[in-house]
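1. fold the following.
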Amino acid sequence: MSVPDAKPQVSIPAQAAEENKSLENVPSAKGYVDAKEERAFLWRLDAWFLSLGFLGYMFKYIDQTNISNAYVSGMQEDLDLYGNQLNYFTTYFNIGYIIMLYPSCIIISYIGPSKWLPGCELIWGILTCCLSTASNYKQIYGLRFLIGFFEGTAWPGYFTIMSQWYLPHEIALRMGLYNIAQPAGAMLSGAMQGALSANFEGVHGRAGWRWAFLINGVCTIAIALSAFFIIPGYPERPNRLARFYLNDKDIKIALKRAERVDRKPQIGITVKRFLRCFTFWQFWAIAISWSIGANFQPSTYFNLWLKSLTNSDGTRKYSVSMLNYLPIAGQASQLVASLLFCGLSDFFQTRLPFLILHSAINITSLVILIIRPENEQAYMVGWYLNYIGAVSTMLLCAWASANLQDEPEVRTVLFATGTSLSYCNNAFVPLAAYPAREAPHWRIGAKLYLGFAVVATGMFVGLWYGFRWEERKKAGKLKDEEHVSKVEDEVGRKECEEHVTEVTDEAGSKGCGDRVTELRDEDRVEVKESKD
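-> Here you go, the predicted structure:
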């Protein structure tokens, strides 16, 4: 049963969210929670959990990307790295990351995130400290693989937690707030490496880039220890150590909120449930569009282009500190765009317009990088615009969460799969598209990425049509169920009326029979009396 095209189409998740927001203060409504208590609950959850997630992801990203800052801050010269070692540092990290993704999403569904995520974070923090002692590139290969392996638990794990605690009209902004830790981490990493290069170089006989690895690792260890007490777990399986900010009443509120949107609880992912996830078309459509739409930005190679620039006398144009400081403007633009796009998409309860705008900005930046204008400032604008490209990840994940409310296992495995495909791309495509030895003028890099951006834009539109199709199916199913219910009620009423009529007729017949008997008895009495 389809909805006529002449009538405006309303997204079922968006419509449900609006209905739920309008009913949340009605005591008789499904999933009712007092508005004041709900706001207080959200404030505590945001203040503790999101703050921890922001700090944790910021230093996770620093631990992931600080290798690039170290490379341009003296590590290349100290360890004699003049081949493609920088590319392989990223590749080994990504391989470890990919290997851990699926085991982690299964493990976390059984033992919960409040033990698993902090434990893995503690290990990769220690390994990051070990990078400060590396004496050759082979040691870095091994450490980067292990760091990636344990970091593979974090991003999908935190998104899974958010998809269980926040409602569809709240989640994109929270995902955006969590994910802006990425540009914030990149900004801090650049600023930290620049400051350490200027002030810590040679302190206690250690290079500035070595101090950066050590300080990054210590910060990660501190955050991991606090995470044991702050990560809330799942609403149906809360973390007992987090009771200082989420008490029993808060847990009841969380469960009521989940009931309001018909969200199912997170349960253990068996092999059968795991394989079932791959049968959903939404699963593949989002995972593929995510991997090609949000992960082909050459902005990570911006500092290599900056390093290649020289003055007229042949000296380097930018100092080591400036090489770390200049990308901060691009990372700041990514931070602002993430908050703006995600906040507005939650407010208007729509994702596609903001995905299209994101694609337009990304395509514009890649065209500038392909043209390579002679004006250095114009070329730099292309690099800066490219930083905004990562915004689509949060919009797609929020879209998935809203349309898979009753499939928590699919959401969990989807977050792992989208991340896995993204890291597969990042592990191997840059080796051909952006080899370090071709810097700063890569032959095919931006051209290849432009092709991916165009394909991703088409997939975003296809997703929108696919979700509309699903919504029409659900609307038709609901109408059919309502029709069946009405028919059953009508049939039930008729059967009841017929039954009442039969009983009445039977009672009436019985009453008439009794009256005849009474009259006959009276006649017999009269006859007997007359004889007497």
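2. wait, residue 351 sits on residue 345?
-> Yes - taking C-beta atoms under 8 Å as the definition, residue 351 is a contact partner of residue 345 at 5.4 Å. In this view, the C-beta of every residue, glycine as well, is placed from N, C-alpha and C.
3. give me the common contacts of those two.
-> Listed as contacting both residue 351 and residue 345 by C-beta atoms under 8 Å, 6 or more residues apart in numbering are 172, 395, 398.
4. which element is the spatially closest residue to residue 89 that is not a sequence neighbour on?
-> Take residue 89 and drop its neighbours on the chain: the residue closest to it by C-beta to C-beta, 6 or more residues apart in numbering is residue 67, 4.9 Å away. In the assignment (DSSP states H and E), residue 67 maps to helix 51-70.
5. just the strands in the protein please.
-> Secondary structure of the chain, counting by DSSP state E: strands at 233-234, 237-238.
6. dump the shared contacts of residue 351 and residue 345 to TSV, plus pLDDT.
-> Listed next are those as TSV, based on pLDDT from 0 to 100:
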residue	pLDDT
172	89
395	90
398	90
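7. picking that back up, of the strands of the chain, which is nearest residue 362?
-> Between residue 362 and the strands of the chain, the shortest gap by C-beta to C-beta is with strand 233-234, which sits at 35.0 Å.
8. helices or strands next to that closest one in the packing?
-> helix 113-131, helix 154-165 (3 or more C-beta pairs under 8 Å, 6 or more residues apart in numbering; DSSP states H and E).
9. buried deepest among the ones you listed, which one?
-> Mean neighbour count (mean count of other C-beta atoms under 10 Å) peaks for helix 154-165 among the helices and strands packed on strand 233-234, with a mean of 25.
10. tell me what angle it forms with helix 113-131.
-> Calculated by axes from the mean of the first three to the mean of the last three C-alpha atoms, to 10 degrees, helix 154-165 forms an angle of 160 degrees with helix 113-131.
11. I'd like the shared contacts of residue 351 and residue 345 as a markdown table, with neighbour count and distance to residue 34 appended.
-> Listed next are the shared contacts of residue 351 and residue 345 as a markdown table, based on neighbours: other C-beta atoms under 10 Å; distance: C-beta to C-beta, whole Å:
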| residue | neighbour count | distance to residue 34 |
| --- | --- | --- |
| 172 | 28 | 25 |
| 395 | 27 | 31 |
| 398 | 27 | 26 |
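12. out of the residues you listed, which comes closest to residue 442?
-> Distance ranking of those against residue 442, using C-beta to C-beta, places residue 395 first at 28.5 Å.
13. ok, now which ones touch that closest one?
-> Per C-beta under 8 Å, 6+ apart, neighbours of residue 395: 172, 341, 342, 345, 351, 354, 355, 358.
14. just residue 84 next, same as before
-> 431, 435, 436, 437.
15. what do you get if the cut-off is 6 Å, keeping everything else the same?
-> 435, 436 (C-beta atoms under 6 Å, 6 or more residues apart in numbering).
16. for residue 407, see how far away it is.
-> In this view, residue 84 and residue 407 are 42 Å apart by C-beta to C-beta, to the nearest Å.
17. same deal with residue 210?
-> Applying C-beta to C-beta to residue 210 and residue 407 gives a distance of 47 Å.
18. which one of the two is surrounded by more residues?
-> Higher neighbour count among residue 210 and residue 407: residue 210, with 23 against 20, using other C-beta atoms under 10 Å.
19. from what I see, the more buried one and residue 131 are in contact.
-> No - using C-beta atoms under 6 Å, residue 210 is not in contact with residue 131; the gap is 8.2 Å.
20. just to revisit the earlier point, for residue 474, which of the strands of the chain is the nearest?
-> For the strands of the chain, the distance to residue 474 is smallest for strand 233-234, at 25.9 Å, taking C-beta to C-beta.
21. related to what we said a few turns ago, for the strands of the chain, state which one has the densest average packing.
-> It is strand 233-234: most buried of these by mean count of other C-beta under 10 Å, with a mean of 22.
22. picking up where we left off before, what helices and strands are in contact with the helix holding residue 67?
-> helix 181-199, helix 208-230 (3 or more C-beta pairs under 6 Å, 6 or more residues apart in numbering; DSSP states H and E).
23. do you know which of those helices lies nearest residue 369?
-> Residue 369 sits nearest to helix 181-199 of all the helices and strands packed on helix 51-70, at 18.8 Å, using C-beta to C-beta.
24. tell me what angle that closest one forms with helix 208-230.
-> Between the axes of helix 181-199 and helix 208-230, defined by the same axes, to 10 degrees, the angle is 140 degrees.
25. same for helix 181-199, what does it pack against?
-> Using 3+ C-beta pairs under 6 Å, 6+ apart: helix 181-199 touches helix 51-70, helix 208-230, helix 320-325, helix 328-348.
26. right, so the ones you listed: which one is the most enclosed?
-> Scoring these by mean count of other C-beta under 10 Å, the most buried comes out as helix 51-70, with a mean of 24.
27. how far is that one from where the chain is centred?
-> Helix 51-70 sits 17 Å away from the centroid of its parent chain (C-alpha atoms, centre = their mean, to the nearest Å).
28. just the CA coordinates of it, formatted as CSV?
-> The C-alpha atoms that make up helix 51-70 are tabulated as CSV, following Å, rounded to 0.1, in the frame of the first residue of the first chain:
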residue,chain,number,x,y,z
SER,A,51,33.3,14.8,27.9
LEU,A,52,35.2,11.6,28.5
GLY,A,53,34.5,10.5,24.9
PHE,A,54,35.7,13.8,23.6
LEU,A,55,39.0,13.6,25.5
GLY,A,56,39.5,9.9,24.8
TYR,A,57,38.9,10.3,21.1
MET,A,58,41.0,13.5,20.9
PHE,A,59,44.1,11.6,22.3
LYS,A,60,43.2,8.5,20.3
TYR,A,61,43.4,10.6,17.2
ILE,A,62,46.6,12.2,18.4
ASP,A,63,48.1,8.7,19.0
GLN,A,64,47.0,7.7,15.5
THR,A,65,48.3,10.7,13.6
ASN,A,66,51.2,12.0,15.6
ILE,A,67,53.5,10.0,13.4
SER,A,68,53.0,12.6,10.6
ASN,A,69,53.8,15.5,12.9
ALA,A,70,56.9,13.6,14.2
